[in-house]
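J.: Just to be clear, the model below is a prediction. Sequence and coordinates:
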Amino acid sequence: MAYRTVAGKGFTLIELLVVLAIVSVLLTLAVPRYFHSLDKAKETVLEENLQTVRSAIDKFFADTGRYPASLDELVDKRYLRSLPLDPVLERNDRWTLVTAEPARGEGIYDLHSSAEGSTTDGRLFSAL
């Protein structure tokens, strides 16, 4: 029985280290962009949710002549399917509600995010 040597099959330690170095450099470049795109997506969803709820509040006021007493009233009367999620806080019960001035009636006039911090372009989440 003859024994054959397996020369040339497999990787050397140097080759593996070079590949790992290349992969780590690529990850160093890609990961920050990935997290930045996640933050930007959350900001976009937050702005869209705020716009949707504000539109529902305006429609409620146009139909009933008053502002809703709570966000749940918008859901109960089917102006919204469900309470929108604040993607920054990942909750739907932490909105900062702005009540209407006494001259305009009672109820919820506007809402803002309760998240601390600011967007990627420097605006406060609470100012959106």
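T.: That came through, no problem. Everything quoted here is computed from the prediction, not taken from an experiment.

J.: Write down the beta-bridge partners of residue 96, one by one.
T.: With DSSP bridges as the criterion, residue 96 is bridged to residue 112.

J.: count of residues packed around it?
T.: 13 (other Cβ atoms under 10 Å). The way it works is simple: take the backbone N, C-alpha and C, and place the C-beta from them, glycine included.

J.: contacting residues around it?
T.: If you count contacts by Cβ atoms under 8 Å, 6 or more residues apart in numbering, residue 96 has them with 111-114, 126.

J.: which other helices and strands contact the helix or strand hosting residue 19?
T.: For residue 19, the host element (DSSP states H and E) is helix 13-64. Under the contact criterion of 3 or more Cβ pairs under 8 Å, 6 or more residues apart in numbering; DSSP states H and E, helix 13-64 touches helix 71-76, strand 108-112.

J.: what residue ranges in the protein score low on pLDDT?
T.: 1-8 (pLDDT under 70).

J.: try 90
T.: Across the chain, the ranges flagged by pLDDT under 90 are 1-12, 27-37, 39, 92-94, 100-106, 117-122, 125-128.

J.: so how far is residue 125 from the spatially most central residue of it?
T.: By Cα atoms, centre = their mean, the chain has its centre lying nearest to residue 42, at 2.2 Å. Look at residue 42 and residue 125: by Cβ to Cβ, to the nearest Å, they are 10 Å apart.

J.: And for residue 17?
T.: 44 Å.

J.: Would you mind telling me which of these two has the busier surroundings?
T.: residue 125 (20 against 11).

J.: The more buried one is in contact with residue 94, isn't it?
T.: No: counting by Cβ atoms under 8 Å, residue 94 is not a contact partner of residue 125; they are 11.1 Å apart.
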